[in-house]
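Student: Turn this into a model:
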Amino acid sequence: MSNGVNEEGMDKYLRLAKELHMLDAMLISPQKIHFDIRAILKCRWGCEGFSDENIRCQSRGTTYPERVEMVKKYSHILLVHSHDARELSEAVLEIEKRAFLDGYYFAFALRTCNLCPNCLLKKGNACPAPDRVRPCEQSFGIDVYKTVRNLGFSCNVLLNREAIQNRYGFVLID
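Tutor: This next block holds a predicted model:
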């Protein structure tokens, strides 16, 4: 590992995910991520809030191949599972912050932003925390369904609003 921290040091992030009330967390390699450009199709045309001006949707001038390459450069990826979208968004940001402070200066979370109970952007207002917004997995071309299913997690299309949601986020650590 480039920063001299050994593999056992990653266990602390698994424990941290549990402390943050996540249902589960798993350390995976980038080779376990399934990329499919169609995820971007769903992101751009399947998301009710998509807009090139929306801070949550911006590609920041990167191409799909560049984003795939970015993820594949990481040595460790923490997959985090929750039923609560807001708690998951908070947890991956906290794990990213702790990993950064531990010397993993490239630590970076990928997760649809659900930090605010009612997104102000959807009402035409400015984001109150733009420094905390991270790109969603689909905007990077990550097929979350296939990735997590291949790892033994449940991820199904919800048939009604009462169904239990399985939410996933990724923390890239290097």
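
Student: Residue 148 is in contact with residue 79, isn't it?
Tutor: Yes: here residue 148 lies in contact with residue 79, judged by CB atoms under 8 Å, at a distance of 7.0 Å. Where you see a C-beta, it was placed from the backbone N, CA and C, and this is true even at glycine.

Student: Now do the shared contacts for the two.
Tutor: Counting by CB atoms under 8 Å, 6 or more residues apart in numbering, the contacts common to residue 148 and residue 79 are residue 168.

Student: any idea which helix or strand of this protein has the worst average confidence?
Tutor: Least confident helix or strand of the chain, by mean pLDDT, DSSP states H and E, is helix 38-46 with a mean of 71.

Student: what's the following helix or strand after it?
Tutor: helix 64-72 (DSSP states H and E).

Student: Could I get the CA-only coordinates of the helix or strand following that next one as CSV?
Tutor: Next in sequence after helix 64-72, counting helices and strands by DSSP H and E, comes strand 76-82. C-alpha atoms of strand 76-82 as CSV (Å, rounded to 0.1, in the frame of the first residue of the first chain):
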residue,chain,number,x,y,z
HIS,A,76,-9.5,-0.9,-1.1
ILE,A,77,-13.2,-0.2,-1.4
LEU,A,78,-15.5,-0.4,1.6
LEU,A,79,-19.0,-1.4,0.6
VAL,A,80,-21.5,-0.2,3.2
HIS,A,81,-25.1,-1.4,3.6
SER,A,82,-28.1,0.2,5.3
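
Student: Mind giving me the packing neighbours of strand 76-82?
Tutor: Using 3 or more CB pairs under 8 Å, 6 or more residues apart in numbering; DSSP states H and E, the elements in contact with strand 76-82 are helix 11-19, strand 24-28, helix 85-101, helix 144-150, strand 167-173.

Student: Direction included, what does that strand pair up with?
Tutor: strand 24-28 (antiparallel), strand 167-173 (antiparallel) (DSSP bridges).
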